[in-house]
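Peer 1: Build the 3D model from these lines:
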Amino acid sequence: MIAGILFGLGVTVGIIVLIAAAVYLVLGVRYIPHRRVGVIEKLWSASGSLTEGRIIALNGEAGYQAKVLRGGLYFGYPFWKYNIHKVPLVTVAEGRIGYVYARDGQPLPPVQTLGRIVGCNGFQDAVGFLENGGQRGRQRGILREGVYAINTAVFMVITETGVHTGPISTEENRMAQHWLEELQGVSGFTPVIVGNPKARPVEPPPTPNGLSESDNVGVVTVHDGPTLEGGEVIAPDVRDSQGSGHNYYQDPEHFLTLGGRRGKQLQVLTDGTYFINRWFATVELKPKTLIPIGYVGVVIGYFGGDGTDVTGANFRYGEQVESGRRGVWKQALTPGKYALNPYALKVELVPTVNFVLRWISGQTENHKYDEHLTSIPLITADGYEPLLPLSLVLHIDYQKAPRVVQRFGDVNRLISQTLDPILTAYFRDVAQSSNMLDLLTRREEIQAHATEELGRRFESYDINCVAVLIGRPESAKRHDGEDPIDSLFDQLRQRRLAEEQKETFAKQQEAAARLKELNQAQAEAARQTHLTETQIEIQVAANRGSAQLAEAERLAKREIAMAEGQARVAELTGLGEAARIRQIAEAEAGRIARVGEAEADVSRQKVEAYGDNRLYALNLVASELANSKQPLVPEKLVMLGGDGKEAAQAGVFQAMIQLLTAWDTLKEVDAPEAEVTPIEPNKAA
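Peer 2: Next up is the predicted model:
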């Protein structure tokens, strides 16, 4: 019984399977999973085969059909007429790009690289693509993140995860793998990120040139569209009349509609994220142009039309043009960061602050302009062959920087082709007319003259010479190991030492004099009180002396008047006495005449005893004066210029002389010329 039941169930299942198979074969039921699409391949058709050049059927012809079957249950596709290829949906990851290759469509013209973009719902509408004029080959349009039900018999899709393709040939598969590797090599499945390629949360420090990793621009090279015009190296920027562009090459069709051309583009990509078809355009990240502080950037343009020369007729070293033209721009760039296309523009940095060039072997400044400069070999007038190290401080006017670049090309050529020959020739001329000792001792004078002379010469080259600085000359040592310049320095040191010693001795002498003044000042300070008292006493004594002098002058005037009166009295008295003595002498002479010869002889003997008549007379006068009652000397006498004793003696002597004079007068008058009769003293008295 159980066996019968099992047999009945088996028969029932078999019947059901047979019925299902009959329905499948007759009705053509097909099921497509929702994670796949069904690519329809029609094995045969009453409509005939595809037209020549087509591989996708649009009108029911035999072959791969343009329509696809989405997920679900379908009827009417019997196996003897249709072959359904179930392929996965195309998935493009977030932030990634998918590339499409069309196996059918209109052929590309010879000048076109990629198929134009047509309305096809992101390549999910193959019928619309083919009917709207879609072109076969690699497409300008791309797929952004998402899931797409694409007929892989029509479109081959290349994503980061692999190639999505239908039943294709081995050659097409190999080509697809090559494109995959090529796109991976240029990071074609990721968008172009300009500004911070690593997307770090913290900005990295600047590089030695002052730029960070995020300081870059994207230089775009377009690989489709018309070629550049003759003579052009950079494709110009294109915009429409409203000023809108092509969304930075993310809309290739609009770019070409505006007249964009293939080649390197003038317009660059600045900071941001750009979903650009790498088959249409590739992007190079280049650093921004940095103009440091203390420099200006002279721009040399490689694009644009020929500009009008703005330098004038006197400048014969080339032409300068306005900004945006081909040539050297008249207006230089000031310090800052610029998003410039290095293929369209070249920027020459020209220092505008004072910078130093060293003609010193083995020394180089950070700017590296002097890395090929060495010390200048010289020959002096006295036969020395030194190497002269020197430094040159220069300045270039920022407004004249384009003229310098136009004239020389860059600063390095300015130095090597102009400054170095002029400077070397100048100092060789100076050395030939100077001794070695002059180069050592007259350095400041030579520097000042060189600054003036070279400044005059450099001015014609739009360069300002700020200063010329000369270092210590050097020379090769002789075979005996002695440096000739060191010998000269020894002489200078000895000479300087002698001068220093002379100055030291003078300073010591001055210090000694100052010490003496200091000691004197200290002594005066110590005795200041005594000095003050002494000065006061001196003033008091001076005042007292002035009073005494006034009193003495008054007394002297009085005494002089009295002395003059007494002298007059004495004079009159003497005259009287002389007259009286003369009378006595006359009487005595008469008496003597009457005396005999004996008395005469006695008198003569007395006179002879005196030896002179005047002595005898003086004896008589002295006797009379001794017995006279009239005082011979005044009681009071003021004499100026001598003491009292000398005055008295002078008065007595003067009186005696007067008496003798008077006696001689009397003798000459009264005595006979032949003989003088002596007078006896007693009788005369």
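Peer 1: Note down every partner strand of the strand or helix carrying Met156 and its orientation.
Peer 2: Using DSSP states H and E, the secondary-structure element containing Met156 is strand 155-159. Using DSSP bridges, the strands paired with strand 155-159 in its sheet are strand 98-102 (antiparallel), strand 162-164 (antiparallel).
Peer 1: So which of the ones you listed is the most surrounded?
Peer 2: Per residue and on average, the most neighbours among these fall to strand 98-102, with a mean of 24 (mean count of other CB atoms under 10 Å). For glycine as for every other residue, the C-beta is placed from the backbone atoms N, C-alpha and C.
Peer 1: Show me what the longest helix along the chain is packed against.
Peer 2: As assigned by DSSP state H, the longest helix anywhere in the chain is helix 528-594. Counting by 3 or more CB pairs under 8 Å, 6 or more residues apart in numbering; DSSP states H and E, the packing neighbours recorded for helix 528-594 are helix 597-610, helix 613-627, helix 644-670, helix 681-684.
Peer 1: one more time with 7 Å, if that's ok
Peer 2: helix 644-670, helix 681-684 (3 or more CB pairs under 7 Å, 6 or more residues apart in numbering; DSSP states H and E).
Peer 1: Rounded mean pLDDT for that helix, please.
Peer 2: Mean pLDDT, computed over helix 528-594, is 81.
Peer 1: Same question for stretch 292-306.
Peer 2: Mean per-residue pLDDT for stretch 292-306: 87.
Peer 1: The strands paired with strand 155-159: lowest mean pLDDT?
Peer 2: Ranked by mean pLDDT, the strands paired with strand 155-159 end with strand 162-164 in last place, scoring a mean of 91.
Peer 1: ok now that strand, how far from the chain's centre?
Peer 2: In this view, strand 162-164 has its centroid 63 Å away from the chain centroid, taken as CA atoms, centre = their mean, to the nearest Å.
Peer 1: Check stretch 80-87 too.
Peer 2: Taking CA atoms, centre = their mean, the mean C-alpha location of stretch 80-87 is offset from the chain mean by 83 Å.
Peer 1: Show me what that stretch is in contact with.
Peer 2: Taking CB atoms under 7 Å, 6 or more residues apart in numbering as the criterion, the residues outside stretch 80-87 that touch it are 28, 30, 32, 36-44, 69, 77, 152, 166-167.
Peer 1: could you redo the last one with a cut-off of 10 Å?
Peer 2: When contacts are taken as CB atoms under 10 Å, 6 or more residues apart in numbering, the neighbours of stretch 80-87 outside the stretch itself are 25, 28, 30-33, 35-45, 62, 64-65, 68-69, 71, 74, 76-77, 149-153, 164-167.
Peer 1: and the helices and strands packed on helix 528-594, which one's lowest on average pLDDT?
Peer 2: By mean pLDDT, the lowest-scoring of these turns out to be helix 681-684, with a mean of 41.
Peer 1: domains of this structure?
Peer 2: 6-190, 295-470, 570-684 (automatic domain parsing).
Peer 1: Which of those domains has the lowest mean pLDDT?
Peer 2: Among those, domain 570-684 has the lowest mean pLDDT, at a mean of 61.
Peer 1: Need the buried ones from the contacts of stretch 80-87 selected in ChimeraX.
Peer 2: Provided next is the ChimeraX selection string for whichever of those are buried by 16 or more other CB atoms under 10 Å:
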select :28,30,32,36,37,38,39,40,41,42,45,62,64,65,68,69,74,77,149,150,151,152,153,164,165,166
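Peer 1: Can you flag which of the contacts of stretch 80-87 belong to strands?
Peer 2: Taking DSSP state E, the ones among those that sit in strands are 30-32, 36-42, 64-65, 68-69, 74, 164.
Peer 1: and Arg70, how many residues sit next to it?
Peer 2: Other residues lying near Arg70 total 14 when counted by other CB atoms under 10 Å.
Peer 1: tell me the contacts of it?
Peer 2: For Arg70, the contacting residues are 32, 34, 36-38, 89, 124, 149, by CB under 10 Å, 6+ apart.
Peer 1: Reformat the residues you listed as CSV; add distance to His246.
Peer 2: Written out in CSV, the entries for the contacts of Arg70 read as follows (distance: CB to CB, whole Å):
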residue, distance to His246
Ile32, 39
His34, 38
Arg36, 37
Val37, 33
Gly38, 38
Leu89, 31
Gln124, 25
Ala149, 29
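Peer 1: Please spell out which residues along stretch 399-412 are buried.
Peer 2: Buried residues in stretch 399-412, counting neighbours by 16+ other CB under 10 Å, are found at 400-408, 411.
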